[in-house]
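Novice: Here is a sequence with its predicted model. Questions after.
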Amino acid sequence: MSGKYRIGDYEFNTYEEYLAAQEDAKKIDFITKELDITDPDVAVRLYTLIRNKEIVFRTKLGISFSWYVMDVLAQNSQKLLEEKRRKDEQKQKGKKLGAAGCMCILAAVFCLGYYGVTLWQEHLESQEFERLQNMQNLTGHLIRESSVDDEQEGSASQDAGGEDAQASDKNAAKTSKAAAKKAAKEKAEKQAEKKIDPADLTVLKKYRELYKQNKDLAGWLSIEGTVINYPVMQTGSKNPDYYLHHDFEKKESDHGTLFVDARNDYVNRDTNLIIYGHNMRDGTMFGGLKRFMEKEYFEQHQKLVFDTIYEKAEYQIVAVCLSKVNYQDDHTFRYYNFLNAADKEEFNAFLANIQQLTVFDQKIDLSYGDELLTLSTCNSYVQDGRLFLIAKKE
């Protein structure tokens with residue numbers, strides 16, 4: 001694939017084009033959430049704003065959306081004409097259309113055609129864009145997953161053999177469920193026996209003084225060649241986001257402090273530890289992570305160090321990804337909810353999902369058993385967007 005950067009099915013060869021496409025995506029997301037584009041009146045007003053350059057798109061992603069709006073307008077215009085034609089056919093008197101009505105319809109068709117040709121010419125003259133792709137690739141909100149219920153109800157009466165088989169299946173299911181429950185209980189008991197009590201551990205010498213100052217200290221994160229060199233905190237579940245707005249000394253701060261997900265156990269190591277931080281405009285905290293969307297920068301800064309207060313560790317950054325915070329009723333993948341892999345299948349499912357979210361066209365080098373570290377921050381490529389880096393322990 002020739003593109004270095006992706007948004008959905010669209011590829012961009014330069015970082016500047018990619019940033020411009022992000023701005024177009026934000027505009028499109030806002031429009032589709034706030035307006036019903038399938039409404040003819042809305043489509044007309046929206047198309048007028050685009051034609052008058054009151055809404056400006058700078059990339060092929062935005063131009064594709066413009067064509068989609070025009071397509072909606074054309075489809076609705078055709079429906080209106082067909083409806084008019086049917087009404088005329090139903091009239092027994094066979095009256096002809098009034099001259100004024102004909103002129104209006106012809107003017108509307110002419111304007112639509114003129115605008116279409118003009119927009120097409122503008123597209124051909126812009127050599128920085130590729131041929132437009134199918135609009136369905138852009139507007140995922142139009143694609144609806146449909147489920148078909150192919151099961152049919154059985155007859156009211158069943159033979160004795162069928163009833164016996166059904167009873168046997170129920171008993172087998174109960175037995176299987178009981179066995180699974182027992183196995184899970186035994187596994188939990190074994191894990192509980194192996195758990196390490198932090199009280200039995202000694203804080204590393206280099207962090208003892210800091211730990212005395214603030215018992216919320218969980219460790220220290222640094223990435224060589226970047227400004228990221230900060231303490232990492234952790235609070236309990238009652239106030240998990242405390243360090244979003246407080247510094248190490250617990251004073252209120254817009255910058256906040258890096259912190260580990262409150263659900264994480266960094267002593268009895270979870271599969272994936274998640275560290276959050278603000279995307280500050282001045283580049284502090286996780287403000288510098290956006291530079292990892294430049295492939296050359298990513299390739300030159302793949303090593304990081306994350307020490308817990310009890311253990312030193314080095315990691316390799318293996319993926320740069322973009323996602324978003326989803327609503328509770330959205331049945332979609334949430335990278336920020338992956339803390340532990342119960343088995344290889346669950347780990348591979350996580351890997352398959354983040355593979356779809358990578359910024360670069362690459363195969364992510366991870367395998368079951370790896371200990372992961374995720375760095376997560378905000379990103380404005382879409383509303384509630386998130387940029388996150390995945391690293392594995394060496």
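Specialist: Structure received.

Novice: C-alpha only now, for contacts and for neighbours.
Specialist: Noted.

Novice: Next, the distance between the ends of stretch 268-287.
Specialist: Using C-alpha to C-alpha, to the nearest Å, one end of stretch 268-287 lies 30 Å from the other.

Novice: ok, and for that stretch, which residues are buried?
Specialist: If you call a residue buried by 16 or more other C-alpha atoms under 10 Å, then stretch 268-287 has these buried ones: 270-280, 283-287.

Novice: What average pLDDT does it get?
Specialist: For stretch 268-287, the mean pLDDT works out to 95.

Novice: now swap in stretch 56-72 and tell me
Specialist: On average, stretch 56-72 scores 79.

Novice: how close does the nearest residue to Gly283 once chain neighbours are set aside get to Tyr315?
Specialist: In space, and not counting its chain neighbours, Gly283 is closest to Val227: 7.8 Å by C-alpha to C-alpha, 6 or more residues apart in numbering. According to C-alpha to C-alpha, Val227 and Tyr315 sit 17 Å apart.

Novice: out of these two, which sits in the more crowded spot?
Specialist: Tyr315 (19 against 15; other C-alpha atoms under 10 Å).

Novice: what sits opposite the more buried one in the beta ladder?
Specialist: Leu304, Lys393 (DSSP bridges).

Novice: Relative to Leu366, how far out is it?
Specialist: Distance from Tyr315 to Leu366, by C-alpha to C-alpha: 12 Å.

Novice: Overlap in contacts, the two.
Specialist: Lys392 (C-alpha atoms under 8 Å, 6 or more residues apart in numbering).

Novice: Can you verify my assumption that Leu221 contacts Thr257?
Specialist: No. Counting by C-alpha atoms under 8 Å, Thr257 is not a contact partner of Leu221; they are 11.3 Å apart.

Novice: Pick out the least confidently modelled helix or strand of the chain, by mean pLDDT.
Specialist: Every helix and strand of the chain was ranked by mean pLDDT, DSSP states H and E. The lowest is helix 99-125, at a mean of 51.

Novice: how many neighbours does the nearest residue to Tyr5 once chain neighbours are set aside have?
Specialist: Counting by C-alpha to C-alpha, 6+ apart, Phe12 is the residue found nearest to Tyr5 once chain neighbours are left out, at 5.1 Å. Number of residues near Phe12 (other C-alpha under 10 Å) recorded here: 20.

Novice: Next, Phe12: phi, psi?
Specialist: Main-chain torsions, Phe12, degrees, to the nearest 10: phi -130, psi 130.

Novice: now swap in Arg263 and tell me
Specialist: The phi/psi pair for Arg263 (degrees, to the nearest 10) is phi -80, psi -10.

Novice: do the same with Asp261
Specialist: phi -50, psi 130.

Novice: check contacts around it.
Specialist: By C-alpha under 8 Å, 6+ apart, the neighbours of Asp261 are Gln234, Pro240, Leu273, Ile274, Ile275, Tyr276.

Novice: Let me have these in JSON lines, adding distance to Glu394 and secondary structure as columns.
Specialist: Output for the contacts of Asp261, formatted as JSON lines (distance: C-alpha to C-alpha, whole Å; DSSP: H, G, I helix; E, B strand; the rest coil):
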{"residue": "Gln234", "distance to Glu394": "23", "secondary structure": "coil"}
{"residue": "Pro240", "distance to Glu394": "28", "secondary structure": "coil"}
{"residue": "Leu273", "distance to Glu394": "15", "secondary structure": "strand"}
{"residue": "Ile274", "distance to Glu394": "17", "secondary structure": "strand"}
{"residue": "Ile275", "distance to Glu394": "18", "secondary structure": "strand"}
{"residue": "Tyr276", "distance to Glu394": "21", "secondary structure": "strand"}
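
Novice: got those as a markdown table, with distance to Lys295 columns?
Specialist: Listed next are the contacts of Asp261 as a markdown table, based on distance: C-alpha to C-alpha, whole Å:
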| residue | distance to Lys295 |
| --- | --- |
| Gln234 | 31 |
| Pro240 | 33 |
| Leu273 | 24 |
| Ile274 | 23 |
| Ile275 | 22 |
| Tyr276 | 22 |
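
Novice: Tell me the one of the residues you listed nearest Asp370?
Specialist: Each of the contacts of Asp261 was checked against Asp370 using C-alpha to C-alpha; the closest is Leu273, at 11.7 Å.

Novice: any idea how far that closest one lies from Leu339?
Specialist: Distance from Leu273 to Leu339, by C-alpha to C-alpha: 7 Å.

Novice: What ranges does the stretch 251-394 of the chain have for its strands?
Specialist: 258-260, 272-276, 303-308, 314-324, 372-378, 385-393 (DSSP state E, counting those that start in this stretch).
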